[in-house]
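Enquirer: With the input below, show me the fold.
(2 chains)
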Amino acid sequence: MNPRIQFARTAADLVETDLSVALVYAEISGQFWGDVERRHPDRVINVGIREQLLVNVGAGLALTGMRPIVHTFGSFLVERSFEQVKLGFGHQDVGGVLVGSGGSFDIASGGRTHQVPGDVALMDTLPGVHVHAPSNSREVDVVLRRAVASDGLHYVRVVGQTNAVAHAGEGFHVVRRGAGATVIALGPVLDEVLAATEGRDVTVLYAHGVRPFDARTLRSVLAAPEVVLVEPWLVGTSAHVVADALRDVPHRLLALGVRREELRRYGTAEDHVRAHGLDAAGIARSLDGFLGAGAA
Amino acid sequence: MIVRMTIIDERMTGPDGAADRGDRAAELHRLMSLMTGDEKHTAAATSTLDVVRVLYERVLDVSPDRAGDAARDRFYLSKGHGPMAYYAVLVDRGYLPEAWLEDWGSWDSPLGHHPDRNLVPGVEISSGSLGHGLPLAVGTALGLRAQGLPARVVVLVGDAELDEGSNHEALELAAALALSNLTVVVVDNGSSSYAVPGRIAERFTTEGWHTVTVDGRDHDELESALAARPGRPNAVVAVVEEKR
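Expert: I've put the predicted structure just below:
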């Protein structure tokens, strides 16, 4: 199933089963929620095209003890309304679950206005925030239920790119063990990373839990000084947490991600993944340069 | 999270501790005079004094011992600039000790030049950046309604604060969703640039709010306007002397 449709179904189910859950949205995805909105008009709230209001309505609900799920495209949820996220949730010190769809590539033909490669870096400026990048419908369901059931501020990034296998846990999964470099796949880049590292004697880690960052597992598996970080949002977003995790360990880091420059191209998500060098061939080329062709 | 402190201090002045009403105005001015260092916002502080007093003395169903009561009324000071009047009223009503006032804004003080709900007992929202209180209040009004709680939300904004577009998103939705548990009081001291006479009340009326304009220094007028529950969102424009 499409991850966004899974998000819509899980969110509706949470509204149905938990009286403390409210779903606040700004037109986007409303097509999925007609039934649940009719049944629970007090807890399923469409604010219209009003994204600043969207975020603060969620925070205002949280101030009464409710658990809001707040949703629109990521660009309007955390970029347009970032001060509302920072003050309404962060500074008030109330929790909620922000779910942004679209990500870096989904709406490729929509252009820059609907692409949000900077969302994780932006959310990462807030203390204690949980950032999740579930990478198929099963992970979306698990991550959303867990975020709603816990407390604090969560950002869930729901996108069309997927990995074939779902992992339930929040920390790193050791997908492959090797004697050479450690390749870290965050979010829906794992399948491309596995294809790119085929035949190399490397360790591959995967997590959909981006923040907090599982530094302990990274340290425990490190077999060589080379670390490669692959994340499908702004390049280098997680470089500082890797540096912090390995601050007493000599290492070399290659960070791969969405490059800063605006491409001014439309096309498909696959076109953009390729243009930023995040497809298997692009990752393999970067590994060749960093590790040496064919070496571990 | 910072746990809210419960203060036991013999210097606290309870709601019934300060003498009669005539003396209370003098007492509040004495309390405000203890706070120095934010003189650029003195006009902002004094403009709100009577509105905040009337809310706490006559309108809101709140008290210092009901901080965790889900059914308490909520007062959101959206215009967090110049909170001297607010802090003075909170001292007068027994929420915090008078001793906190003198070193406000210092490293060791919980009282900033913009209030923080996580530091100050009785403060319901942390404010300072304009245009957040009304949208938060809309969410809170929805949350109270969804939980079947009869409490109300009163949010204080400044006339210039309404220049922020976020307020207009909020006042439109509040009317569309018929939030009858929401009151906005606009303290109008003529601060807005590019103001158009009558625009504030007209804007609320056009959107479907019950709207009334009163003398922001007249306690009986304020009480009558603020206590009203007209069955739809209630806007009170409290006009005070122009900021000089």
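
Enquirer: What ranges in chain B fall below the confidence cut-off?
Expert: Chain B contains residues with pLDDT under 70 at B:1-21.

Enquirer: try 80 this time
Expert: Scanning chain B with the threshold set as pLDDT under 80 gives B:1-22, B:37-45, B:244.

Enquirer: Please work out which residue of it is closest to chain A.
Expert: Among all residues of chain B, B:G139 sits closest to chain A, at 2.0 Å; criterion: CB to the nearest CB. C-beta here means a position set from N, CA and C on the backbone, and glycine is covered the same way.

Enquirer: residues in contact with the residue most central in space within chain B?
Expert: Taking CA atoms, centre = their mean, the centroid of chain B lies closest to B:L77, which sits 3.8 Å from it. For B:L77, the set of contacting residues under the criterion of CB atoms under 8 Å, 6 or more residues apart in numbering or on different chains consists of B:T48, B:V52, B:P83, B:Y86, B:P115, B:V123, B:I125, B:S127, B:G133, B:L156.

Enquirer: same check, this time on A:A108
Expert: Contacts of A:A108 were listed using CB under 8 Å, 6+ apart, and they are A:Q115, A:Y266, A:G267, A:T268, A:A269, A:D271, A:H272.

Enquirer: For the residues you listed, please prepare TSV with the additional fields pLDDT.
Expert: As requested, those are exported to TSV (pLDDT from 0 to 100):
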residue	pLDDT
A:Q115	96
A:Y266	97
A:G267	98
A:T268	98
A:A269	97
A:D271	98
A:H272	98
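
Enquirer: residues near A:P250, how many?
Expert: Applying other CB atoms under 10 Å in any protein chain shown, we find 6 residues neighbouring A:P250.

Enquirer: isn't it right next to A:P225, touching?
Expert: Yes - taking contact to mean CB atoms under 8 Å, the distance of 5.6 Å between A:P250 and A:P225 places them in contact.

Enquirer: Leaving aside the residues adjacent along the chain, what's closest to A:G209?
Expert: Distance criterion CB to CB, 6 or more residues apart in numbering or on different chains; nearest residue to A:G209, sequence neighbours excluded, is A:E170 at 3.7 Å.

Enquirer: how about that neighbour, what does it touch?
Expert: A:R146, A:A207, A:H208, A:G209, A:D214.

Enquirer: Skip the chain neighbours and tell me the closest residue to the last one.
Expert: Using CB to CB, 6+ apart and skipping residues adjacent in sequence, the residue nearest A:D214 is A:G171, 3.7 Å away.

Enquirer: now the helix or strand harbouring A:V143, how far from the centre of its chain.
Expert: Element membership for A:V143 (DSSP states H and E) is helix A:137-149. Averaging C-alpha coordinates over helix A:137-149 and over its chain gives two centres that are 12 Å apart (CA atoms, centre = their mean, to the nearest Å).

Enquirer: And for stretch A:66-74?
Expert: 15 Å.

Enquirer: could you check whether it is close to chain B?
Expert: Yes - for stretch A:66-74, a contact with chain B is found by CB under 8 Å from any CB of the partner chain, at A:M66, A:P68.

Enquirer: just to revisit the earlier point, let's see which of the contacts of A:E170 end up in helices.
Expert: Per DSSP state H, helices hold the following members of these: A:R146.

Enquirer: Of the contacts of A:E170, which is the most crowded?
Expert: A:H208 (29 neighbours).

Enquirer: Close to chain A: what parts of chain B are there?
Expert: On the criterion CB under 8 Å from any CB, chain A has as its neighbours in chain B the residues B:1-2, B:70, B:74, B:116-118, B:124-126, B:129, B:131-132, B:135-147, B:149, B:165-166, B:169-170, B:172-173, B:177.

Enquirer: one more time with 6 Å, if that's ok
Expert: The interface of chain B toward chain A, taken as CB under 6 Å from any CB of the partner chain, is made up of B:1, B:118, B:126, B:129, B:132, B:135-136, B:138-140, B:143-146, B:166, B:169-170, B:173.

Enquirer: ok, and the closest non-adjacent residue to B:L171?
Expert: With CB to CB, 6+ apart as the criterion, B:L171 has its nearest non-adjacent residue at 5.6 Å, and that residue is B:E207.

Enquirer: quick one: contacts for that neighbour?
Expert: For B:E207, the residues meeting the contact criterion (CB atoms under 6 Å, 6 or more residues apart in numbering or on different chains) are B:L171, B:E172, B:A175.

Enquirer: Could the C-alpha coordinates of stretch A:231-251 be exported in CSV?
Expert: In CSV, the C-alpha atoms belonging to stretch A:231-251 read as follows (Å, rounded to 0.1, in the frame of the first residue of the first chain):
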residue,chain,number,x,y,z
GLU,A,231,19.9,10.1,3.8
PRO,A,232,17.3,11.2,1.3
TRP,A,233,17.0,14.8,2.6
LEU,A,234,19.5,17.7,2.8
VAL,A,235,23.1,16.3,2.5
GLY,A,236,25.0,16.4,5.8
THR,A,237,21.8,16.7,8.0
SER,A,238,23.0,13.8,10.2
ALA,A,239,26.8,14.4,9.9
HIS,A,240,26.9,16.2,13.2
VAL,A,241,25.3,13.3,15.1
VAL,A,242,27.8,10.9,13.5
ALA,A,243,30.6,13.2,14.4
ASP,A,244,29.4,13.4,18.0
ALA,A,245,28.9,9.6,18.2
LEU,A,246,32.5,9.0,17.0
ARG,A,247,34.2,12.0,18.6
ASP,A,248,36.8,9.8,20.3
VAL,A,249,37.2,7.4,17.4
PRO,A,250,39.4,8.3,14.4
HIS,A,251,37.1,8.1,11.4
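
Enquirer: what stretches of chain A score poorly on pLDDT?
Expert: Within chain A, the stretches with pLDDT under 80 are A:293-296.

Enquirer: Nice, that's everything, thank you.
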